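*Asks:* Attaching a predicted model along with its sequence, questions to come.
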Amino acid sequence: MKEIEINQTEKIKGYGSIEKTVKPQGNGAMILVPKSWTGKRVKVILIEPL
């Protein structure tokens, strides 16, 4: 598998933002957001390398 570097700048219009650390959950991971966000579309952006 090749390692690739992606440098991308993106402007996003939104109604709120939260910066959190992803926590392990079962076979995946999760981020808790406010309950009022239930049913809303969100975008998650990885801000540090894997």
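*Replies:* Good, I have the coordinates.
*Asks:* wait, what's in contact with the residue nearest the centre of the chain?
*Replies:* The centre of the chain sits closest to V44, judged by C-alpha atoms, centre = their mean, with a distance of 2.3 Å. For V44, the contacting residues are I31, by C-beta atoms under 8 Å, 6 or more residues apart in numbering. C-beta here means a position set from N, CA and C on the backbone, and glycine is covered the same way.
*Asks:* please redo it, this time with the cut-off set to 10 Å
*Replies:* Contact partners of V44, counting by C-beta atoms under 10 Å, 6 or more residues apart in numbering, are V22, I31, V33.
*Asks:* any chance of these in TSV, with neighbour count, distance to K13 and secondary structure too?
*Replies:* Shown next, in TSV, are these (neighbours: other C-beta atoms under 10 Å; distance: C-beta to C-beta, whole Å; DSSP: H, G, I helix; E, B strand; the rest coil):
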residue	neighbour count	distance to K13	secondary structure
V22	11	24	coil
I31	13	20	coil
V33	14	18	coil
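*Asks:* who's in contact with K20?
*Replies:* With contact set as C-beta under 10 Å, 6+ apart, K20 has these partners: M30, I31, L32, V33.
*Asks:* Could you look up the SS state of it?
*Replies:* Assigned with DSSP: H, G, I helix; E, B strand; the rest coil, K20 falls in the coil class.
*Asks:* Show the model's pLDDT score for it.
*Replies:* With respect to pLDDT, K20 has a value of 95.
*Asks:* before we move on, what about the one 4 residues further on?
*Replies:* P24 is assigned a predicted lDDT (pLDDT) of 97.
*Asks:* separation between it and L32?
*Replies:* Using C-beta to C-beta, to the nearest Å, P24 is found at 13 Å from L32.
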